[in-house]
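Enquirer: need coordinates for the below:
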Amino acid sequence: MKKIFAFALLIGLFSAQKSFAQDNKSALPSPPAKVTETLASGAAIAISYSQPAVKGRTIGKNLEPMEGKVWRTGANDATVFETTKEISVEGKTLAAGKYGLFSIVKNGEWTIIFNKTWKQWGAFQYKEADDVLRIQVKGSKAPSFSERLTFLIDKSGKVSLLWGDNQVNFQTK
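Expert: Below is the predicted model:
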């Protein structure tokens, strides 16, 4: 009987710890972040993501080996891009809604992907058939090193991804 009680207690403690860790996402190694901006068109856009850190590693080699592979453009849950109204992204139409934001990097060119499946862990359930929009943009060297992945949105609608020495911009309107 004591063994059953001890086992049940252990399971209860494990469940409580797991629940706390899932509820307290700020305690994760890649903490959550969110950036929002209202465009001149009146559309509000928001990007919710987790911020992986470089920690002395090399992006694309021993940290997110992403060359030619679909990447969740963040950490933990897939990054979510949300717009309250239809917008233009690099001249292409994106309907109002929530999207999983994924990327493919190849030879310094970034394919930014807006996928209808926004609620998922990482890119494990990613399906190309669910892509709503893909744009191609060039990456560049960031003006300064960014230890944590960071998204910025300015008033003009320019979205910037900064991580390590990388900077990737795309225009929304």
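Enquirer: contacts only, for the closest residue to Gly122 other than its chain neighbours.
Expert: Nearest residue to Gly122 in three dimensions, chain neighbours excluded: Arg72, at 5.1 Å (C-beta to C-beta, 6 or more residues apart in numbering). In this view, the C-beta of every residue, glycine as well, is placed from N, C-alpha and C. Going by C-beta atoms under 8 Å, 6 or more residues apart in numbering, Arg72 touches 78-79, 100-102, 122-123, 126.
Enquirer: swap the cut-off to 7 Å and go again
Expert: Residues in contact with Arg72 (C-beta atoms under 7 Å, 6 or more residues apart in numbering) are 78-79, 102, 122-123.
Enquirer: who wins for neighbours among these?
Expert: Counting neighbours by other C-beta atoms under 10 Å, Ala78 comes out on top of those with 27 neighbours.
Enquirer: doesn't Lys116 make contact with that one?
Expert: No. Using C-beta atoms under 7 Å as the test, Ala78 is too far from Lys116 to be in contact (11.5 Å).
Enquirer: so the residue nearest to Tyr99 when sequence neighbours are not counted: helix, strand or coil?
Expert: Of all residues not flanking Tyr99 in the chain, Phe114 sits nearest, at 4.1 Å (C-beta to C-beta, 6+ apart). Secondary structure, DSSP: H, G, I helix; E, B strand; the rest coil: Phe114 is strand.
Enquirer: which residues touch the closest residue to Ala95 other than its chain neighbours?
Expert: Leaving aside its sequence neighbours, Ala95 sits nearest to Glu86 (C-beta to C-beta, 6+ apart; 5.3 Å). Applying C-beta under 7 Å, 6+ apart to Glu86 gives the contacts 93-96.
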